[in-house]
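Chemist: give me coordinates for this.
(one chain, ligands or ions: 2)
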Amino acid sequence: MSDSKKRIGLLGATGSIGTSCLEVVRAHSESMSIDLLSAHSSWRELARSAAEFLPQTVVLTGVQASDVAANAFPSSVEVLYGEEALLKAVEVPEIETVITGIVGAAGLRGTLAAVEAGKRIGLANKETLVVAGSLVTQKAVETGSVLIPVDSEHSAIFQALACGKREDVSKLILTASGGPFRSWSAEKIAQATVANALDHPTWDMGPKITIDSATMMNKALEVIEARWLFGINARQIEVVVHPQSIVHSMVEFVDGSVMAQLSPPDMKLPIQYAITWPDRIAGTSPKLDISQTFSLDFEPPDLERFPALALGFEVADQGGTAGVVLNAANEVAVDRFLQDQLTFPEIPRLCRSILASHQFESNPTLDELLTLDGWARQEALRWTSSTSHSSPS
Ligand code: NAD
Ligand code: MG
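Modeler: Numbers count the residues shown, from 1 in each chain. Ligands and ions are numbered 1, 2, ... in the order given. All right, here's what the predicted structure looks like:
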């Protein structure tokens, strides 16, 4: 490893990924430092982290200066407001790696700005690739920006791919925990409450991705993410349910060898690896205890009980505008479900309905994608307020 510190910009510093990233930096203060922190509205929490890590700059994208107490931040820290300020702040030359821990399509512009500036990206915000995978990966090739996955499955694949040549890969196998409803009947899933869906068996994450895990939309988004990140045909991606979340994903090569990455479920490991790659350093993540008897189970996913997963394969295959529409519809559906304004099975139903009604384009521009994002959100809201869809078919 080089002598100089790895200098990090952390977007979404107050969330689940953000706080895990800060734990990684805290444990490696001799080799890592924070130049930039962002949050949407939780300024008190951001101020606490700013006092500890003393970044050059913090950005609050969802509040104004008048919402924030005077002297909340240390005087050495520049405090900026709004998304445009964030886009400028990620570009500063001192920052080497940008960790993208913002949730949803709201993370797209910050990630893209960092890609345009040629940064190393520790990509947690999978929605960026779901919405604009083609544009973002092309831009990364142009600028030399390296996209290192933080999503644990994609980090596993990224690591396993190092065992062979790209042209010798036959399949990417994404593991899925199966979420809290893995063993529930369709009838019981239909009655699932918000509290049931937020009760994830293996991972402690933000609310949006936790609901996505319960519907398995998270795995759908990850199929699309893998398609763009690794430039692979959607038909060469498979999903297998693995309830222990220890095998984080696998790569099958043409000779039939399957390479897997294993570790206890803990996001600090892929975050740290995104920062130190291609080096590895000792960290604080728990290690696998192989002194005790344990077993690893695998089972095929059930597309009937989890129809969201099928949408992921369809959208990954279609490309074009399908991803932005699926993502926007899902963001609205999850939000409405969390507000008790939609039932659990209506989440994938809404997404399929909005996807079916959109005007597909194969090569959209960024502006077209952003316009469609707005359109799909409006349509999804309209869908939730109409009652005709809720009659059983
Ligand atoms: P979270 O809800 O815990 O945190 C979200 C962060 O984004 C917060 O800091 C919040 O202030 C900020 N934010 C929210 N809305 C914003 C907006 N409109 N503009 C700017 N900033 C905004 O989310 P999370 O669970 O940490 O997930 C973050 C991303 O990482 C998601 O894309 C998720 O899919 C991905 N991811 C998370 C995990 C995990 O373990 N949590 C694992 C894999 C991938
Ligand atoms: Mg994941």
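Chemist: count of neighbours near the closest residue to ligand 1 within the chain?
Modeler: Nearest to ligand 1, among the residues of the chain, is G15, at 1.9 Å (Cβ to the nearest ligand atom). Backbone N, C-alpha and C define where each C-beta goes, glycine included. Using other Cβ atoms under 10 Å as the criterion, G15 is surrounded by 24 other residues.
Chemist: ramachandran angles for the closest residue to ligand 2 within the stretch 151-300 of the chain?
Modeler: Per Cβ to the ion, D151 is where the stretch 151-300 of the chain lies closest to ligand 2, at 4.2 Å. Per-residue torsions, D151: phi -50, psi 130 (degrees, to the nearest 10).
Chemist: how close does the nearest residue to E304 once chain neighbours are set aside sit to S145?
Modeler: Once flanking residues are discounted, E304 sits nearest to A186: 6.9 Å by Cβ to Cβ, 6 or more residues apart in numbering. Per Cβ to Cβ, to the nearest Å, A186 is found 43 Å from S145.
Chemist: try S170
Modeler: 28 Å.
Chemist: for these two, indicate the residue with more neighbours.
Modeler: The neighbour comparison of S170 against S145 (other Cβ under 10 Å) goes to S145, with 21 against 13.
Chemist: you'd agree the more buried one is up against L123?
Modeler: No: between S145 and L123 there is no contact under Cβ atoms under 8 Å: 10.3 Å.
Chemist: kindly report the residues of the chain close to ligand 2.
Modeler: Proximity of the chain to ligand 2, by Cβ under 5 Å from the ion, involves residues 151, 153.
Chemist: can you give the domain ranges for the chain?
Modeler: Domain segmentation of the chain under automatic domain parsing yields 6-149, 319-393.
Chemist: let me know which of those domains is tucked in deepest.
Modeler: Mean neighbours per residue, mean count of other Cβ atoms under 10 Å, is largest over the domains of the chain for domain 6-149, with a mean of 20.
Chemist: average model confidence for that domain?
Modeler: For domain 6-149, the mean pLDDT works out to 98.
Chemist: run the chain-centre distance for it.
Modeler: Between the centre of domain 6-149 and the centre of its chain there are 14 Å (Cα atoms, centre = their mean, to the nearest Å).
Chemist: interface residues of this structure facing ligand 1?
Modeler: With the criterion set to Cβ under 6 Å from any ligand atom, the chain comes near ligand 1 through 12-18, 39-40, 42, 61-62, 101-103, 106, 124-127, 151, 203, 205-206, 208-209, 267.
Chemist: the residue nearest to V77 when sequence neighbours are not counted: which element?
Modeler: Excluding its sequence neighbours, the residue lying closest to V77 (Cβ to Cβ, 6+ apart) is A50, at 5.1 Å. Secondary structure assignment for A50, by DSSP states H and E: helix 43-53.
Chemist: tell me where the stretch 1-150 of the chain has strands.
Modeler: 6-11, 32-39, 57-60, 78-81, 97-100, 120-123, 147-149 (DSSP state E, counting those that start in this stretch).
Chemist: format those strands as JSON lines; extra columns: distance to T111.
Modeler: Shown next, in JSON lines, are those (distance: least, Cβ to Cβ, whole Å):
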{"stretch": "strand 6-11", "distance to T111": "8"}
{"stretch": "strand 32-39", "distance to T111": "12"}
{"stretch": "strand 57-60", "distance to T111": "14"}
{"stretch": "strand 78-81", "distance to T111": "18"}
{"stretch": "strand 97-100", "distance to T111": "5"}
{"stretch": "strand 120-123", "distance to T111": "6"}
{"stretch": "strand 147-149", "distance to T111": "9"}
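Chemist: and L296, how many neighbours?
Modeler: For L296, the number of neighbouring residues by other Cβ under 10 Å comes to 12.
Chemist: now do the contacts for the residue nearest to L86 when sequence neighbours are not counted.
Modeler: Once flanking residues are discounted, L86 sits nearest to V59: 4.4 Å by Cβ to Cβ, 6+ apart. Contacts for V59 (Cβ atoms under 8 Å, 6 or more residues apart in numbering) come out as 36-38, 79-82, 85-86, 89.
Chemist: of the residues you listed, just say which sits nearest to ligand 2.
Modeler: Closest to ligand 2, out of all of those and judged by Cβ to the ion, is S38, at 21.7 Å.
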